[in-house]
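*Asks:* How does the following fold in three dimensions:
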Amino acid sequence: MARIDFTTRRLFVDAPLRQAAIVALSAPQAHYLLNVLRLSDGADLLVFNGRDGEWRAHLTQAKRRAASLTIAAQTRQQHGAVDLDLLFAPLKQGRLDYMVQKAVEMGVGRIIPVLTQHSQISRINLDRMRANMVEAAEQCGILKLPELSAHLALSAVLDDWPGERLLVFCDEESEVGDPVAALSVHRQSPPAAMALIIGPEGGFAAAERAAILKLPRVVRLSLGPRILRADTAAVAALALVQAVLGDWR
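*Replies:* Numbering: from 1, shown residues only. A predicted model of the protein is given here:
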């Protein structure tokens, strides 16, 4: 694994990256680099786009409020990621921000908000979610952003569920047991396609729980004797899944 450089500023750009390419920066990016960080011509940055790995680049200021990057050399190749989805009932904004950031850090491949019977939030700011994803990836050396889905009804997700994907179901009504042992039964190499589902603060309705348990590959997971808030449960469960079934092994 290539050593991650945490001393050089990292920037996500939505443009192809290759040696000697010129990448125009958006107005907010140029403002941030030139006026907030006060970087000067020739300043070094690390850039990534989620597809072409990480590259060293040099800043060029064309005008007072415009700048571009000249791509120099690749510092890290793009790597694959575990096929891991996170499904969750929408949360209040502060807790949602936290959960999205941690999901990126934990290596989630796709983030899917699902509306359940007891969901208390139905309007989701996808632009803010994506901004949190980008910030987390920039700060933590992540090379690939998760895919971000618009919210879906839980019933629609379950109706179209691919039978081969393992679903880790965090169920507060399951008996308290050893979560590592429960997951270990499904360990394989390379890691299988997986998903983790976290319910709303009010829990899943009985019919929803029954529908989830009817899926062909489900692990009913207990997170211990205490009831965790949804954002805490997501982080705890993702850590377990990555350690037992994912790319932490």
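*Asks:* Helix or strand: which one has the residue nearest the centre of the chain?
*Replies:* The chain has residue 104 as the residue nearest its centroid, 3.0 Å off, counting by C-alpha atoms, centre = their mean. In this structure, residue 104 sits in helix 93-105 according to DSSP states H and E.
*Asks:* again, but for residue 46
*Replies:* Secondary structure (DSSP H and E) places residue 46 in strand 44-48.
*Asks:* who does the helix or strand of the chain with the lowest mean pLDDT pair up with?
*Replies:* The helix or strand of the chain with the lowest confidence, counting by mean pLDDT, DSSP states H and E, is strand 54-63 at a mean of 90. Using DSSP bridges, the strands paired with strand 54-63 in its sheet are strand 44-48 (antiparallel), strand 66-76 (antiparallel).
*Asks:* Point out the most buried one among the ones you listed.
*Replies:* Counting by mean count of other C-beta atoms under 10 Å, strand 44-48 has the highest mean neighbour count of these, with a mean of 20. For glycine as for every other residue, the C-beta is placed from the backbone atoms N, C-alpha and C.
*Asks:* That one - what's its average pLDDT?
*Replies:* Summarised as a single mean, pLDDT over strand 44-48 is 96.
*Asks:* Can you name the residues in contact with it?
*Replies:* By C-beta atoms under 8 Å, 6 or more residues apart in numbering, the list of residues contacting strand 44-48 from outside reads 5, 8-13, 17, 23, 33, 39, 54-59, 69, 71, 75, 137, 143.
*Asks:* just how off-centre is it within its chain?
*Replies:* 21 Å (C-alpha atoms, centre = their mean, to the nearest Å).
*Asks:* ok, now stretch 80-88?
*Replies:* 7 Å.
*Asks:* Run a quick check on residue 151 versus residue 116, I expect a contact.
*Replies:* No: counting by C-beta atoms under 8 Å, residue 151 does not reach residue 116; the two are 10.7 Å apart.
*Asks:* re earlier: CA atoms only for the least confident helix or strand of the chain, dumped as PDB, please.
*Replies:* Extracted C-alpha coordinates of strand 54-63, given in PDB (Å, rounded to 0.1, in the frame of the first residue of the first chain):
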ATOM      1  CA  GLU A  54      -4.200  10.400  -6.900                       C
ATOM      2  CA  TRP A  55      -1.900  12.900  -8.700                       C
ATOM      3  CA  ARG A  56       0.400  15.700  -7.700                       C
ATOM      4  CA  ALA A  57      -0.600  19.000  -9.300                       C
ATOM      5  CA  HIS A  58       0.700  22.600  -9.500                       C
ATOM      6  CA  LEU A  59      -1.600  25.600  -9.000                       C
ATOM      7  CA  THR A  60      -1.700  28.300 -11.700                       C
ATOM      8  CA  GLN A  61      -3.500  31.600 -11.100                       C
ATOM      9  CA  ALA A  62      -4.900  32.900 -14.400                       C
ATOM     10  CA  LYS A  63      -6.900  35.800 -12.900                       C
END
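*Asks:* Pull out the buried residues from it.
*Replies:* 54-57, 59, 61 (16 or more other C-beta atoms under 10 Å).
*Asks:* Tell me the one of these nearest residue 244?
*Replies:* residue 54 (28.5 Å; C-beta to C-beta).
*Asks:* contacting residues around the helix holding residue 104?
*Replies:* Counting by C-beta under 8 Å, 6+ apart, 86, 88, 90-91, 111, 121, 124-125, 128-129, 132-133, 135-137, 140, 142, 145-146, 229-231, 234-235, 238 sit against helix 93-105.
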